[in-house]
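**Student:** With the sequence up front, the predicted model follows.
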Amino acid sequence: MTDFFEMGGYAGYVWSSYGLTTIALLVLLMVSLRGLKKSRRDLAHLETLLKSRRPRRKKAPVRQP
Amino acid sequence: MHRFAKPSVFLRLASAVMPWAVGITVLTLAVGLYLALVASPADYQQGDTVRIMYIHVPAAWMGLFCYVGMAICGAMSLIWKHPLADIAARATAPIGATFTALCLITGSLWGEPMWGTWWVWDARLTSMLILLFLYLGYMALVNAFDDPERGSKAGSALALVGVINVPIVKFSVDWWNTLHQPASVARMGGPSIDPSMLWPLFLIAIGFTGYYVIVLILRIRLELNERRIRALQLSGIGEDAPGSVQPVYNPEQAGAGE
């Protein structure tokens, strides 16, 4: 088992490679997930605003090109 | 709303693909890591540092693969103005940049014990660093304009011009006399490394590809939501100045702006 952790004397190089890769991939995953959750919240909020405004919108429709 | 017709198809496809992508990624990475760290033998010359290869090489493949994907999406967004292509290109860039950076870092950690140096300005290493700069440049460029459409045009052009770097990375070890070793997997005459080392390499490469699919889907969804938010804000919903992505949370405050 110690052999496994010592990596033939190259523990620092091997484990930091695997560690950094794990951290970087997890961070990117987390950042993406949190961004997605935040955008969902923001969108839901705007959509409720849109609904509450809709009656007014009918009078002055937005011109679409 | 026609613009969102196609993305709705994508969203349905994405939710069908997602559980498979997660399953394949977890499974291949678990088995791949076991083979890479435990079951595979140490190299007769490089000892246990050879285990760095099992993430270094798949990360390099992913760096190149993502770049080609990003450039194809960039071309599609330039030619057909398909909004989803532009979104996919933007979503791919940070993933490819991460893999490219990891390739450079793990390469450095492998180079120090085996070559005696963290870095050399060798053709392979330099072209890989340029690949990282292309990703960073793309990400900076697409977000540098107030008008997202101009940003994606400029970014797509950069991504397409940068494709020239991809064959340079691949063949740098043949064209120049480099410290980096030549290809040992994707070469004429088949791989020159033992199956016990090829298996973990391929499994981790598949795992990384699955990871790419997962994060790509998440980031495309994120970007679709943000575009919708921007469209709503531009049409005056949310009382903030157009362009600000932060809507007001307090409903009373939001109502006061009407």
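**Tutor:** Thanks, I have the structure now. Numbering: from 1, shown residues only, chains lettered A, B, ... in the order given.
**Student:** So what's the residue count around B:F171?
**Tutor:** Residues within reach of B:F171, counting by other Cβ atoms under 10 Å in any protein chain shown, total 15. No exception for glycine: its C-beta is placed from N, CA and C like everyone else's.
**Student:** same for the host helix or strand of it, what does it pack against?
**Tutor:** B:F171 is part of helix B:165-175, with elements assigned from DSSP states H and E. For helix B:165-175, the packing partners by 3 or more Cβ pairs under 8 Å, 6 or more residues apart in numbering or on different chains; DSSP states H and E come out as helix B:53-80, helix B:123-142.
**Student:** quick check: angle from the next helix or strand after the first one to helix B:53-80?
**Tutor:** Counting by DSSP H and E, the next helix or strand C-terminal to helix B:53-80 is helix B:83-115. Computed with axes from the mean of the first three to the mean of the last three Cα atoms, to 10 degrees, the direction of helix B:83-115 lies at 150 degrees from that of helix B:53-80.
**Student:** list the buried ones in helix B:83-115?
**Tutor:** The neighbour-count check on helix B:83-115 (16 or more other Cβ atoms under 10 Å in any protein chain shown) flags B:83-114 as buried.
**Student:** deepest of the helices and strands packed on helix B:165-175, which one?
**Tutor:** helix B:53-80 (a mean of 22; mean count of other Cβ atoms under 10 Å in any protein chain shown).
**Student:** just how off-centre is it within its chain?
**Tutor:** On the basis of Cα atoms, centre = their mean, to the nearest Å, the separation between the geometric centre of helix B:53-80 and that of its chain is 6 Å.
**Student:** swap in stretch B:197-213?
**Tutor:** The gap between where stretch B:197-213 is centred and where its chain is centred comes out at 14 Å by Cα atoms, centre = their mean.
**Student:** Stretch B:121-129 now?
**Tutor:** 19 Å.
**Student:** That one and chain A, are they touching?
**Tutor:** No. For a cut-off given as Cβ under 8 Å from any Cβ of the partner chain, stretch B:121-129 has no contacts with chain A; the smallest distance is 15.7 Å.
**Student:** hmm, back to that, report the mean per-residue pLDDT for the helix holding B:F171.
**Tutor:** Per-residue pLDDT over helix B:165-175 has a mean of 91.
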